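**Q** pasting the sequence and the predicted coordinates here, then a few questions.
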Amino acid sequence: MADEVVRASQLLGRRVYDVRGRPLGKVTDLITRLDPLGRERTVAVLVTPRRRGRLLGYERTSQRGPVLLAGLAKVLHRGTREIPWSQVRWTR
């Protein structure tokens, strides 16, 4: 998937692996940046080991909200991490 056009819906929910073939979890969000020509490029993915649930923005350190909801989201989504696009493996 180097320079091909891919829809976000094709990536979200997909299982990803580390370079040794160990499962990391499923893609829950994409992190993009504009390239020099102004095109969006995926630079990283957020991966969670949990099977279900939405992040609701609480994975972002700048997100504020009800303390109880933020605490619950933190527990439910522990282990969520950012994986650079260059390190994402889609197969074992």
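**A** Looks like it arrived, so ask away.

**Q** now Leu11: closest residue in space, sequence neighbours ignored.
**A** Val27 (5.3 Å; CB to CB, 6 or more residues apart in numbering). For the C-beta atoms, the positions are set from N, CA and C on the backbone; glycine is no exception.

**Q** ok, Thr32 next?
**A** Spatially, and ignoring its direct neighbours in sequence, Thr32 is nearest to Glu40 (4.6 Å; CB to CB, 6+ apart).

**Q** so what's the one you found bridging to?
**A** Leu34 (DSSP bridges).

**Q** so where's this structure shaky on pLDDT?
**A** Applying pLDDT under 70 to the chain flags residues 1-3, 50-65, 67-78.

**Q** just to revisit the earlier point, go ahead and confirm the residue nearest to Thr32 touches Leu30.
**A** No: between Glu40 and Leu30 there is no contact under CB atoms under 8 Å: 9.2 Å.

**Q** more neighbours: those two, which one.
**A** Taking other CB atoms under 10 Å, Glu40 and Leu30 do not tie; Leu30 has more neighbours (16 against 10).

**Q** quickly find the element holding the residue nearest to Leu11.
**A** strand 23-34 (DSSP states H and E).

**Q** check Val16 too.
**A** strand 15-17.

**Q** contact partners of that strand?
**A** Strand 15-17 is contacted by residues 23-27, 45, 47, 83, 88-92 when judged by CB atoms under 8 Å, 6 or more residues apart in numbering.

**Q** going by distance to Gly13, which of those wins?
**A** Distance to Gly13 across the contacts of strand 15-17 (CB to CB) is lowest for Lys26, with 5.6 Å.

**Q** and the closest one, how far from Gly38?
**A** Counting by CB to CB, to the nearest Å, the gap from Lys26 to Gly38 is 30 Å.
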